[in-house]
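Visitor: I would like the atomic coordinates for the input below:
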Amino acid sequence: MERAKNSEFIKYYNAARKPDTHKGDYGRVFIVAGSEGMTGAAMLCAEAAIRTGAGLVYLFAPGKILPVYEIGCKEAVKIKIGEGEDAFFKEKHVRQVVDVIKKSQESACVVVGPGIGRNIQTSKFVKGLLSELSEIDIPVILDADGLNAYKNEQYKDFAMPKNTIITPHVGELARLMTVSTEYINKNRTEAAIKASCNINAITVLKGNKSLVCPCCASSEADIYVNSTGNAGMATGGSGDVLAGIISGIIASDKDKKSIFELVCCAVFIHGICGDIAAEKYGERAVKAGDLIEMLKEIHKIEGSIYEI
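Guide: Residues are numbered from 1 along each chain as shown. From the prediction side, this is the model:
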């Protein structure tokens with residue numbers, strides 16, 4: 001595709017909202033993430049979605065880790081899943097999660113995967129959930145261990161929702177495609193196109209100059225190559241924040257632009273947050289939570305180097 005101008009992303013993201021609106025006008029994000037020991041990933045994702053403008057964010061919480069979310073993520077609506085001793089998502093929880101999402105699927109999107117873990121029961125849960133969600137028209141961001149649930153399988157045969165966005169780093173895409181990381185590193189564009197076409201999903205291949213590849217891309221010209229970001233973002237939780245930013249922008253704006261354009265905007269904004277954080281603290285000191293804090297600074301940068 002012809003690369004969108006940076007200034008267009010910034011102006012779109014910073015556009016004033018209509019005064020006669022309420023939280024219901026800015027969509028709902030459902031986050032299916034987290035497990036015992038990995039609650040931070042889910043909360044980073046939720047906080048990023050909130051800070052990016054989603055009207056309502058729902059955080060599904062296995063019973064044992066619900067108290068952590070109640071204390072650590074004030075603005076999200078918590079939905080208890082399973083029993084008090086459940087520390088991770090299990091196959092038997094699919095119906096409970098799906099029923100909640102189906103009641104509010106309009107102007108909504110779902111994030112699946114950050115910190116969800118690799119328990120066999122959790123992998124079965126992820127596959128069952130995605131199969132159910134494939135029957136309704138709702139964007140799904142599949143990230144981290146949500147993607148790892150499909151490793152070593154025939155990824156061409158996945159049952160994915162119509163508007164799925166996968167957000168792998170090199171290792172995750174290599175596992176998904178059953179190839180080496182060396183192959184992905186040497187053939188990033190080709191790998192992104194293959195993944196998008198075979199899964200029929202938008203692929204965000206993270207890394208230096210992240211790639212955003214639309215469904216069924218035919219050539220390199222269809223791909224958006226991001227120009228923002230730096231090595232300071234190579235830290236745990238950065239991808240969880242990206243998943244939250246993507247979800248918040250899609251939920252609040254999916255009736256205004258195509259899903260692909262919104263994903264490109266989200267990747268661009270995520271990178272700017274990293275650049276601002278690195279300028280403030282130095283690349284070595286950047287942590288994932290800083291990226292969320294820098295979302296408060298985006299409105300200040302119109303007319304800056306990001307518009308060149």
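
Visitor: neighbours around residue 181, how many?
Guide: 14 (other CB atoms under 10 Å). (Glycine included, C-beta is placed from N, CA and C.)

Visitor: what does the model give it for pLDDT?
Guide: In this model, residue 181 is scored at 97, pLDDT.

Visitor: Where does the closest residue to it other than its chain neighbours fall, secondary structure wise?
Guide: Excluding the flanking residues, the one nearest residue 181 by CB to CB, 6 or more residues apart in numbering is residue 174, at 4.6 Å. Taking DSSP states H and E as the definition, residue 174 sits inside helix 170-177.

Visitor: who touches that helix?
Guide: 144, 147-148, 150-152, 155, 166, 168, 180-181, 183-185, 191-192, 194-195, 203, 205-207 (CB atoms under 8 Å, 6 or more residues apart in numbering).

Visitor: Apply the buried test to those residues and list what passes.
Guide: Among the contacts of helix 170-177, the ones that count as buried by 16 or more other CB atoms under 10 Å are 144, 147-148, 150-151, 155, 166, 168, 184, 191-192, 194-195, 203, 205-207.

Visitor: Of these, which belong to helices?
Guide: 147, 148, 184, 191, 192, 194, 195 (DSSP state H).

Visitor: Now for residue 207: which residues touch it?
Guide: Residue 207 makes contact with 169, 170, 188, according to CB under 8 Å, 6+ apart.

Visitor: any idea how far the second one is from residue 176?
Guide: Residue 170 sits 11 Å away from residue 176 when distances are taken as CB to CB, to the nearest Å.

Visitor: In space, what's closest to residue 124 - neighbours in sequence excluded?
Guide: The spatial neighbour of residue 124 that comes closest, neighbours along the chain excluded (CB to CB, 6+ apart), is residue 91 at 4.1 Å.

Visitor: hmm, I was thinking of residue 192
Guide: In space, residue 192 is closest to residue 213, 4.1 Å off (CB to CB, 6+ apart).

Visitor: How far does the longest strand along the chain sit from its chain's centre?
Guide: Longest strand in the chain by number of residues (criterion: DSSP state E): strand 56-62. Relative to its parent chain, strand 56-62 has a centroid offset of 15 Å by CA atoms, centre = their mean, to the nearest Å.

Visitor: okay, it in PDB with CA atoms only?
Guide: This file holds the C-alpha atoms of strand 56-62, laid out as PDB (Å, rounded to 0.1, in the frame of the first residue of the first chain):
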ATOM      1  CA  LEU A  56     -15.400   0.500  28.500                       C
ATOM      2  CA  VAL A  57     -12.800  -2.200  29.200                       C
ATOM      3  CA  TYR A  58     -13.800  -5.600  30.600                       C
ATOM      4  CA  LEU A  59     -11.100  -7.800  32.100                       C
ATOM      5  CA  PHE A  60     -12.000 -11.500  32.400                       C
ATOM      6  CA  ALA A  61     -10.400 -12.800  35.600                       C
ATOM      7  CA  PRO A  62     -10.000 -16.500  36.700                       C
END
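
Visitor: and the helix or strand following it, what's its mean pLDDT?
Guide: Using DSSP H and E, the helix or strand that directly follows strand 56-62 along the chain is helix 66-72. What helix 66-72 shows for mean pLDDT is 97.

Visitor: Over to stretch 276-296?
Guide: Rounded mean pLDDT across stretch 276-296 is 98.

Visitor: same deal with stretch 197-213?
Guide: pLDDT averaged over stretch 197-213 gives 95.
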